[in-house]
Each structure stands twice: as structure tokens, then as C-alpha cells.
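[1] Sequence plus the predicted model coming up.
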Amino acid sequence: MKLTTLLSSPRKIEVLKILKQKATKRDIESELNLTPSRLSQILGDLERSGLVERNSNIIEILPKGKLALEIYGVLSRFNRFFEKFGYFINEFELSDIPSWLIARLYELDSIEVAHNSGGVIKPHREFSSIMSRSDTIRGYTPVFFSEYVDIFLEMAERGVEISIIVSDDVFSRIISDFPEDLEKGLSFDNVSFYVSRNRYRFAFVVTDTHLLISFYLKNGVFDYTRDFVCCGDAIRWGNDLFEFVRGNSELIDRLKLNESIRR
């Protein structure tokens, strides 16, 4: 049996789910309301495919069957992600996200859109709300909001662990307009600041509870009007994206900051 054939058969998937614990034919017939002949047919297909094993009246799922269920779970989560985000995919530039994270977009199946009603120069309300409840903040931005300077300084003073990566043009803007604020931020042991060697066409923040991510439109304009908010496994996905960007970034300490200001 091809895996695609199995995954398109809800009854066979249901049987495999029950068999994650050892079960008898009678157990399965009762739970799924199947006739003995129909169940025998399903079990025969699963057994010939090496997914289950029958020992007398006990049926046990094999490692191959467990893997098939894992794959089914991933595909189900991809479906949920597409139901929520598929409408936007053709609008956004996603090619800067590495392929190994594109393959894990199912981890963002909790994704919801948060519209910005504060105008393009104001932080999103959802962003400010989540930041105020966070103990850890990591993120990257190629766009600059002056309001974020005070927000991050206040969080640094509260002891929030902050690691921020900015694009080179954002760094230039900060050292031009807010050098003292940046130097103050770098004085905190709980703050790390980086400048990316590449300009990625997305912006995101991952906290201990949420991932917030925004994108550039296909026409090259950053979408200020929408953030996408996720939780659960999306936090791991966001942390992995942060490590990817940080791997292409330079740590800025107070010495390097002073060197940049003198240039």
C-alpha cells in the first residue's frame, strides 16, 4: 500500500490510532462501529503493508505504522496552517526563510492575523501586549520604529532577557538618532545586540509564549498593517529562525558601538 493511499483512508488512520495501544478486533469493531468483515479487510491491508502485526486476537501497531501516523499528523497540521495562512502566501516574499524552516511551517498551525489599527508608525497593539508579559525576547527587524527604543529600554530595566538583531540600515539610524539610548541598553547584562550581514525580508519577535512575525509584500514594501501571531511549537520555530539570522550577524558591544559612532 502506498503511503498516499493510506493517508487518504480515514478508517485506516482511525484503526492505527486505536492500535497505538494494543487492542483486539472486538475493541476496534466496538469503537469504530465496523463490521467484522470490513475490519478484517482493513487489517489485512495494514498487515500486508507492514504497518500492523496480528498475534492471535491481539493486534499491535509496528514502527512503520507509528511513523505513518506521525506523517499523517504533520500533514494535518500543514492543512490547518494553509487554511489560516494560505490566503496570504501569494502576497508575501517568503524566499528569505531557509528551506528547512519552510518544511516546518506546520509548526505555525496556530497562526492568527493581528491587524494594526495604530497607523504605520505605531507598534502593533498585539506586539505591545505580548511584550509586556514576556520574560525573554529575541528577534530581528529590518524596519525601524522609534517607539520601540523606550519599550525595549523599559523591558531591559525590568530584567527581561533581550536579544535583538537589526539590519545594517536600522543600525545606522539608531547610532545616528539614538546613540545614548543604545549605549544604555548595552550596559545591561541581560541585553544582546547584533547587526545582520544580510537584509532579510521579514521581521519577527519570539518570546517565551508567542511568535510574532511580519513580512514584505511581493512589491518590496514592508506590510505594516498585519502581524501574524502564533504559540505552541511556533516558539521553537521562531527560536530556530533567530539562530539562523544570528549566525549571519555581528555582536555589537559598547566598544564596537563607539567605533561605529566615530566613523
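    In hand now; what should we look at?

[2] Would you map out the domains in this protein?
    3-69, 92-262 (automatic domain parsing).

[3] and the ones you listed as a markdown table, adding mean pLDDT, mean neighbour count and distance to Lys84?
    For every residue, glycine as well, the C-beta is placed using N, CA and C. Listed next are the domains of the chain as a markdown table, based on pLDDT from 0 to 100; neighbours: other C-beta atoms under 10 Å; distance: least, C-beta to C-beta, whole Å:
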| stretch | mean pLDDT | mean neighbour count | distance to Lys84 |
| --- | --- | --- | --- |
| domain 3-69 | 87 | 15 | 21 |
| domain 92-262 | 89 | 17 | 5 |
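
[4] now the residue nearest to the spatial centre of the chain, nearest residue through space, not along the chain?
    For the chain, the residue sitting closest to the mean C-alpha position, by C-alpha atoms, centre = their mean, is Ala234 at 3.1 Å. The shortest distance from Ala234 to any non-neighbouring residue, by C-beta to C-beta, 6 or more residues apart in numbering, is to Leu211 (4.3 Å).

[5] What of Ile151?
    Ranked by C-beta to C-beta, 6+ apart and with sequence neighbours excluded, the top spatial neighbour of Ile151 is Met131, at 6.4 Å.

[6] and that neighbour, what does it touch?
    Residues near Met131 by C-beta atoms under 8 Å, 6 or more residues apart in numbering: Ile137, Ile151, Met155, Val205, Thr207.

[7] Please identify which of these is nearest to Arg26.
    Using C-beta to C-beta, Thr207 is the member of the contacts of Met131 that sits closest to Arg26, with 49.2 Å.

[8] ranges for the strands of the stretch 101-250 of the chain?
    Along the stretch 101-250 of the chain, the stretches classed as strands by DSSP state E, counting those that start in this stretch are 112-115, 136-141, 161-166, 191-196, 202-207, 211-215, 226-230, 249-251.

[9] roughly how far is the second one from the heart of the chain?
    Okay, so that is strand 136-141. 13 Å (C-alpha atoms, centre = their mean, to the nearest Å).

[10] Mind listing the strands it pairs with, and their directions?
    strand 161-166 (parallel), strand 202-207 (antiparallel) (DSSP bridges).

[11] could the ones you listed be laid out in a markdown table, adding distance to Phe244?
    Below are the strands paired with strand 136-141 laid out as a markdown table (distance: least, C-beta to C-beta, whole Å):
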| stretch | distance to Phe244 |
| --- | --- |
| strand 161-166 | 10 |
| strand 202-207 | 11 |
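
[12] Go through the ones you listed and name the closest to Gly185.
    strand 161-166 (8.0 Å).

[13] Look up how far Lys22 lies from the residue nearest to Ile151.
    48 Å (C-beta to C-beta, to the nearest Å).

[14] how about the contacts of Met131, which pair is most distant?
    Ile151 and Thr207 (13.1 Å).

[15] Do I have it right that Lys84 meets Phe78?
    No: using C-beta atoms under 8 Å, Lys84 makes no contact with Phe78, being 11.1 Å away.

[16] Mutual contacts of these two, please.
    Joint contacts of Lys84 and Phe78 (C-beta under 8 Å, 6+ apart) are Asp109.

[17] Can you classify Lys20 as helix, strand or coil?
    Using DSSP: H, G, I helix; E, B strand; the rest coil, the structure places Lys20 in coil.

[18] Can you verify my assumption that it contacts Lys66?
    Yes: because the distance of 7.2 Å satisfies C-beta under 8 Å, Lys20 is recorded as touching Lys66.

[19] now the residue sitting furthest away from the middle of the chain: how far from Phe204?
    The centre of the chain is farthest from one residue, Ser56, which by C-alpha atoms, centre = their mean lies 45.0 Å away. Using C-beta to C-beta, Ser56 is found at 54 Å from Phe204.

[20] Over to Trp237?
    On the measure of C-beta to C-beta, Trp237 and Phe204 end up 10 Å apart.

[21] okay, and the common contacts of those two?
    Leu211.

[22] contacting residues around Gly220?
    Counting by C-beta under 8 Å, 6+ apart, Gly220 has contacts Glu93.

[23] tell me the contacts of Thr207?
    Taking C-beta under 8 Å, 6+ apart, one finds Ile130, Met131, Ser134, Asp135, Thr136, Ile137, Arg138, Ile235 in contact with Thr207.
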